[in-house]
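1. my questions concern the predicted model and sequence given below.
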Amino acid sequence: MSLSTMLRGLPVLLLITTFALAQSAPPATAPSIAPTSQPAVPLDQSTPRGTMKLFFDSDARSDGSELKKILLGTTPAEKHVISAMADKTDADRELTDALIAKYPNPNRPDPRKEALVHLPEVLAKIDQSTEVITGDTATLTATDANARPFPLKRFDNNWCIPLNTFLSITDPDRLESSARAIDIQVQVMRDGARAIAAGKYPTEAEAVQDIKQKMVAAPLADHTAAATQPGK
């Protein structure tokens, strides 16, 4: 699985595991535990629950600007990956909007609306999770049986989700290479959205096929060119 595919599937992973990622170390100080009976928290980064809700909301709405704020990178390479994935989230929304506007089909479900169908249930589940805060770290644990704590970290007074929660990749060169590949795909998607709006493709199927092919071919061509440069 590519890094971009792995990251794009994060919300699905979270739903399947119900926050099932173990805390890496025991707390050093006595934790503050918020009960599960609290009312709904706002979608912002002032609380761990709010951050998790904002994460799912931003994914359902394909809002890359919010995703960029929520994920926390500690190295330049990690920050590049986060920026690239946020741009890809926005480009995906722009491409979807272009396809639906150019090829309307009243009999086809709108993927933008489908993404929001289950969001209230997910947000309610987060409200009922157990929140444990210890200094600038926190965990959320779903009420499901056998659920394990999901870690968050406070940075600049905002609760964030560390990127390394999801990635075992730490090599900076590999992260940078993956981020560059995503950047190239983003450009392909945005070029495709403009081409669709300009009427380049007679049918939706032709548009989708061409853009998908370019999203695979363009990063590969860039990687091949880089590998053949002197000194590589």
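-> Received the coordinates, thanks.
2. CA only for contacts and neighbour counts going forward, please
-> Noted.
3. low-scoring stretches of the protein, by residue?
-> By pLDDT under 70, the weakly predicted segments of the chain are 1-39, 145, 230-232.
4. all strands of it, in order?
-> Along the chain, the stretches classed as strands by DSSP state E are 32-34, 71-72, 130-134, 137-141, 150-155, 158-162.
5. what's the last one in contact with?
-> Contact partners of strand 158-162, identified using Cα atoms under 8 Å, 6 or more residues apart in numbering, comprise 45-48, 51-52, 69-73, 151-154.
6. put together CSV for the strands of the chain, with mean neighbour count and distance to residue 223 on each row.
-> What follows is those, written out as CSV (neighbours: other Cα atoms under 10 Å; distance: least, Cα to Cα, whole Å):
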stretch, mean neighbour count, distance to residue 223
strand 32-34, 13, 48
strand 71-72, 22, 27
strand 130-134, 20, 43
strand 137-141, 24, 38
strand 150-155, 21, 34
strand 158-162, 22, 28
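7. which of these sits closest to residue 208?
-> strand 71-72 (29.5 Å; Cα to Cα).
8. contacting residues for residue 214?
-> So residue 214 contacts residue 188 (Cα under 8 Å, 6+ apart).
9. quick one: closest of the strands of the chain to residue 225.
-> Between the strands of the chain, strand 71-72 lies closest to residue 225; by Cα to Cα that is 31.2 Å.
10. partners of that closest one, with directions?
-> With DSSP bridges as the test, strand 71-72 is paired with strand 158-162 (parallel).
11. output the strand it pairs with in PDB with nothing but the alpha carbons.
-> Taking Å, rounded to 0.1, in the frame of the first residue of the first chain, the C-alpha atoms of strand 158-162 are listed here in PDB:
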ATOM      1  CA  ASN A 158      -4.300  23.100  20.300                       C
ATOM      2  CA  TRP A 159      -4.900  19.400  20.500                       C
ATOM      3  CA  CYS A 160      -3.500  17.500  17.500                       C
ATOM      4  CA  ILE A 161      -3.100  14.000  16.100                       C
ATOM      5  CA  PRO A 162       0.600  13.100  15.700                       C
END
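12. distance of residue 194 relative to residue 98?
-> Between residue 194 and residue 98 the computed distance is 8 Å (Cα to Cα, to the nearest Å).
13. more neighbours: these two, which one.
-> Ranked by neighbour count (other Cα atoms under 10 Å), residue 194 and residue 98 place residue 98 first, with 20 against 15.
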